[in-house]
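Enquirer: Need a 3D model of the following:
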Amino acid sequence: MPRPAMTPEQTEEVRRRILHEAALIVAEEGIGALSMRYLASKVGMTGGALYRYFPSRQDLILAHFSIGMNDLYEQLMAGCVSTDPLTALRDYALSYADFALSDPIRFRLMFLEDNKATENAGVKVETVAAVYAEFVRRMTAAMEARALAAGEPKPTTDVLWAGLHGAVTLAIVSPEMDLGEPRAFIERTVDTILRGLSREERHHGYP
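Expert: Okay, here's the model as predicted:
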């Protein structure tokens, strides 16, 4: 008698188990060790069974990106928004840092091991856009409140994002550098950029 078809919930559970095992391989042995054959052996599947869930290694990495972006969006939007626009902007940036530091392996798979993730049809590109749109919206609010110098919000957000993402990346991939505690290092980076974007010498309580 043929085995009953899996429910969507069961299929998703298996996919997440495979993704978890893939992340463990990367954490313990590096991205180069992540092959479909090796992963199949780790999860107790045949190669053919694994390919039914993920047709290729690239699809596996892209799935990390897609699920991770949804989790990132939910985390960024879950917190209370400060009535002070500059604090709200700073909190948003540091929430991104907290997401990355809470699961460095996922961060690496999402942003450092693949540079064409959003081209995958399974990735919700609108989620990526929504994450950045909220960043720009908070930058705009800080400028309109005259907490930051007037300018074009999108290019200015790009600058803050570049500094933030760079600091997070260094904290995760370069532990041999004397950067201090990772979260404190990222905070210093964000605060330095925000001071540089301020209209005048007012620190809003930041160091």
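Enquirer: With adjacent residues omitted, what lies nearest to H64?
Expert: With CB to CB, 6 or more residues apart in numbering as the criterion, H64 has its nearest non-adjacent residue at 4.3 Å, and that residue is L109. (C-beta placed from N, C-alpha, C; glycine too.)
Enquirer: show me the contacts for the one you found.
Expert: Residues near L109 by CB atoms under 8 Å, 6 or more residues apart in numbering: 22-23, 26, 31, 61, 64-65, 68.
Enquirer: Relative to G30, how far out is it?
Expert: In this view, L109 and G30 are 12 Å apart by CB to CB, to the nearest Å.
Enquirer: wait, what's in contact with R57?
Expert: By CB under 8 Å, 6+ apart, the contact set of R57 is 34-36.
Enquirer: Walk me through the domains of the chain.
Expert: 1-55, 62-197 (automatic domain parsing).
Enquirer: Quick check: mean pLDDT of the last one?
Expert: Confidence over domain 62-197 (mean pLDDT, whole number) is 86.
Enquirer: Figure out the length between the terminal residues of it.
Expert: 35 Å (CA to CA, to the nearest Å).
Enquirer: Any idea how far it is from the middle of the chain?
Expert: The chain centre lies 8 Å from the centre of domain 62-197; the measure is CA atoms, centre = their mean, to the nearest Å.
Enquirer: quick revisit: which pair in the contacts of L109 spans the largest distance?
Expert: Pairwise distances among the contacts of L109 were taken by CB to CB; the largest, 15.4 Å, belongs to I31 and G68.
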